[in-house]
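Visitor: Make a model of this:
(one chain, ligands or ions: 2)
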Amino acid sequence: MEEKKTKRLSEIDEKKECIIVKVNGHGGFRHRVMEMGFIRGEKVFVVKNAPLQDPIEYRIMNSHISLRRSEANHIEVIGIEDKFEECKYEFKGTFSEEINQTYTKESKTISVALVGNPNCGKTSFFNHATGLHEKVGNYSGVTVSSKIGTFHHRGYTINLVDLPGTYSITEYTPEELYVREYITENHPDVVLNVVDSTNLERNLFLTTQLIDMNIRMVMALNMFDELTASNSQLDANLLEQLLGFPCVPTTAKIGEGITHVLDHIISVYEGTEVITKHIHINYGQNLEKAINEIKPLLTSYNEIAVDFPFRYVALKLLENDSVTYKHLEKYISNIQPIRAAVEKCRSEIEEEYGEETADVITNAKYGFIRGALKETYQRNNDQKAELSYAIDVVLTNKWMGFPILFLFMWIMFETTFTLGAYPQEWIEIGVTYLGEWVRNILPTGILSDMIVDGIIAGVGGVLVFLPNILILFFFISLLEDSGYMARAAFIMDKLMHKMGLHGKSFIPLLTGFGCGVPAIMATRTLENPKDRIMTMMAIPFISCSARLPVYLLFVSAFFKSNQGLMLMSIYLIGIMFSVLTSLLLKKVKFKENSDQFVMELPPYRIPTWRNTLIHMWEKSVQYLKKMGTIILFASILIWSLNYFPTTNQEIQKIDNEIAQIEKQTTDNNENRELLISNLELQRAAIQSENSYLGKIGHTIEPIVEPLGFDWKMGVSLLTGAAAKEIIVSSLGILYQSDIDADEESEQLIIALKKHKNNNGENSMTPLVAFTFMLFVLLYFPCIAVISAISKEAGWKWATFCVIYTTGIAWLVSFCIYQVGSLF
Ligand code: GDP
Ligand code: MG
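Guide: Numbering: from 1, shown residues only. Ligands and ions are numbered 1, 2, ... in the order given. Next comes the predicted model:
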């Protein structure tokens, strides 16, 4: 190899100028530095560079920027002043041309490292590319070393390094350590990952480690001749889209595909490769949580970020990797707090999974591999699929996958009702009892009315649904923890692509069943802003848990005979509208194809009670918090708007009448009581109509009337903008007045069913109930979601979302109600 003419930027003296030739290091670092303007070909002037001083000050693109010495170490440059001194006596006045030449030559020199398992054909590739003749074949006991060969390709000089074969780059064997150190210390411009295509599952393990390191990569799918001969099929085009770097079929033995590989190496190096994107392997909830806990402990140590991505360091620490600990000790004087935090995460994970954290990570990596191969790799039929994943053959089967998914969903929703009905009843009885008790001990008056009709009725109306929500979350975490959710995402992936979304959007959408706010946040995992916006616009139609109480109320009131089915259909309609929204956006706004990503297939696990209960608890805390704050507040507000103003002439008249009747002494006591209770009902109705809330309701009545809703429903929808559970609270408060005095139970359901319109007909029919549920499903998500969208995508998209969702809700409800009324 020729002698290097370049220097490190950190080595350039003060007041000297230089040209950037290369930025080394992992993707995250390069991205950051290049964003600051340190781009190949740029001139840099060293403003201040005292020895041992950190940071160093530079002027680039006419702005002053300081870099740490460790960062400047990763930038290769040619010193202009040096050249000036050197060339002065040889060529007068032509030094700039000389620098140009050196620059072109140096910046067109690419160092490439061959990384792969033993016997995958690295040396064969090396020999063909370099024209050298190294001995092929891996012997045991071969000294651990590398060979370097230099050759030219399309005007570039390529320094190819043949590294020893390894199955992994941890620290167990000298080869592994050697390869790892070579990559992290020599910073090859591009890593060429050679894999044996006939044994992809094992070969790709090393690849997953390279992905974690976030380095520029090209993959040679070697032994492609054998793959073809075995009648197996591999979709290399899809694979490279999933993995985010070029994957080129090769037969290194005869030199086939090598030119193609080299072309891709150049385009990756030049940053012109269209396939290149940075992907993350998803390690599953528990590990991702641990990674996110460890990363903030590292971020204050910038030197670490120069050498490795934080995510990689966090993973290595979780694997208890001693080399990484040693590396950290170089920069961090007291490593104990980090070690303690890592150990805490590790013991949590180990307790949860019952195995070493490193093994959990390994399993997740195989989950990633399995997911990638499932989509791209068709094994020859006479080779049997592994028994351990035989379940996947059934669960992700083209024909059986969907019916099984729907079966699970149906079981989930059905159980939510049948099992939830018992605790629901107990809470209901408790709430009623509490209300009566409070009314008895408190003197009659505003306070008693507020506590009983406002707080207890409003909050209690939502509280009764807690068991159902717990059961739903229990199922969701069960499905997640067992590994089935990943399969569900997998079989949905193809469908998602058809919608213009991709598999990764499925996770935020799934999260949307819980709550829209974290779902909107979860779209951050999507790299492409268009995909993010499309997913965000689809999320509000995914029915969140806050809407569940509304459905539960109406489904159990009006669709007693097939509750589970009814509930599922509401959810499915929601899904349908999110699909339609994506399709619409894809047609109208975002016409380009979206990226492809691997859908991980983690190993199946028996979910533990601990994990499941923790997830359930987290959700219920959220729910209870909401009840204690926003729902409580809204209940009081709605109650007072409904309660005031308290007196008017009509009410006065009725009060007088009641007093009159009470005074009368007739023999017919029953008749008298009936008269009184009727008058009281009338009084309450008038009171409600004339209240502030009634006035608001009547103002918006013309908007909701064509949908079959009365003003009370209109008002409850309005209040639901704060949070959708409040709809139930509002209904509870508003329909309270309809409850017959002689009715034992104060259930809202009965009140709803009995409610009469002005013509004395039942105003609430199954059709109205269904239309109302649809409206609740589709309209304005809630303030929290809208503000989340506004934060993530800008206020324009948030505004669009408000108008779009509410518009759709009105239109759909209008059509359903009007058409339904014809029958
Ligand atoms: P290394 O251990 O990764 O350096 O692999 P080698 O280059 O030493 O190759 C190992 C064995 O695989 C040798 O016998 C090669 O001839 C053979 N081999 C390499 N590439 C191919 C290929 O593309 N197809 C086939 N069929 N055999 C290959
Ligand atoms: Mg070899």
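Visitor: Just give me the neighbour total for residue 46.
Guide: 23 (other CB atoms under 10 Å). For every residue, glycine as well, the C-beta is placed using N, CA and C.
Visitor: ugh, wrong one, I meant residue 348
Guide: The burial count for residue 348: 16, using other CB under 10 Å.
Visitor: Please look at it and residue 285 and confirm they touch.
Guide: No: using CB atoms under 8 Å, residue 348 makes no contact with residue 285, being 11.9 Å away.
Visitor: in the stretch 151-300 of the chain, which spans are helices?
Guide: The residue ranges that make up the helices of the stretch 151-300 of the chain, judged by DSSP state H, counting those that start in this stretch, are 174-181, 200-213, 224-229, 236-243, 258-270, 285-298.
Visitor: For these, please prepare CSV with the additional fields distance to ligand 1 and mean pLDDT.
Guide: Formatted as CSV, the helices of the stretch 151-300 of the chain follow (distance: least, CB to the nearest ligand atom, whole Å; pLDDT from 0 to 100):
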stretch, distance to ligand 1, mean pLDDT
helix 174-181, 11, 83
helix 200-213, 11, 92
helix 224-229, 5, 89
helix 236-243, 14, 93
helix 258-270, 10, 95
helix 285-298, 31, 90
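Visitor: between those helices, which one is nearest to residue 413?
Guide: helix 285-298 (22.9 Å; CB to CB).
Visitor: Show residues contacting that closest one.
Guide: Contacts with helix 285-298, where a contact means CB atoms under 8 Å, 6 or more residues apart in numbering, come from 282-283, 304-305, 310-311, 313-315, 317-318, 337-338, 341-342, 345-346, 348-349, 352-353, 357, 360-361, 364, 480, 611.
Visitor: Please check these and keep the buried ones.
Guide: Neighbour counting with 16 or more other CB atoms under 10 Å marks 282-283, 304-305, 310-311, 313-315, 317-318, 338, 341-342, 345-346, 348-349, 352-353, 357, 360-361, 364, 480, 611 as buried within those.
Visitor: May I have the phi/psi pair for residue 189?
Guide: phi -60, psi -40 (degrees, to the nearest 10).
Visitor: my guess is it contacts residue 112, does it?
Guide: Yes: counting by CB under 8 Å, residue 189 touches residue 112, with 6.8 Å between them.
Visitor: about what we covered before: out of the helices of the stretch 151-300 of the chain, which gets nearest to residue 459?
Guide: Per CB to CB, nearest to residue 459 of the helices of the stretch 151-300 of the chain: helix 285-298, 31.1 Å.
Visitor: mind exporting the closest one as CSV, just the C-alpha atoms?
Guide: C-alpha atoms of helix 285-298 as CSV (Å, rounded to 0.1, in the frame of the first residue of the first chain):
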residue,chain,number,x,y,z
GLN,A,285,-40.0,-3.6,24.7
ASN,A,286,-38.0,-4.5,27.8
LEU,A,287,-34.6,-4.2,26.1
GLU,A,288,-35.5,-1.0,24.3
LYS,A,289,-36.6,0.5,27.6
ALA,A,290,-33.2,-0.5,29.1
ILE,A,291,-31.3,1.0,26.2
ASN,A,292,-33.2,4.2,26.6
GLU,A,293,-32.4,4.3,30.3
ILE,A,294,-28.7,3.8,29.7
LYS,A,295,-28.2,6.1,26.8
PRO,A,296,-28.8,9.4,28.7
LEU,A,297,-26.1,8.3,31.2
LEU,A,298,-23.6,8.3,28.3
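Visitor: Just the mean pLDDT for the helix or strand immediately after that helix in the chain, thanks.
Guide: In the C-terminal direction, the helix or strand that comes right after helix 285-298 (DSSP states H and E) is helix 302-307. Averaging pLDDT along helix 302-307 yields 79.
Visitor: rewinding a little: looking only at neighbour counts, state which of residue 189 and residue 112 leads.
Guide: Higher neighbour count among residue 189 and residue 112: residue 112, with 23 against 19, using other CB under 10 Å.
Visitor: list the contacts for the residue of the stretch 701-823 of the chain found nearest ligand 1?
Guide: In the stretch 701-823 of the chain, no residue comes nearer to ligand 1 than residue 792, which is 45.8 Å away by CB to the nearest ligand atom. Going by CB under 8 Å, 6+ apart, residue 792 touches 520-521, 523-524, 532, 536.
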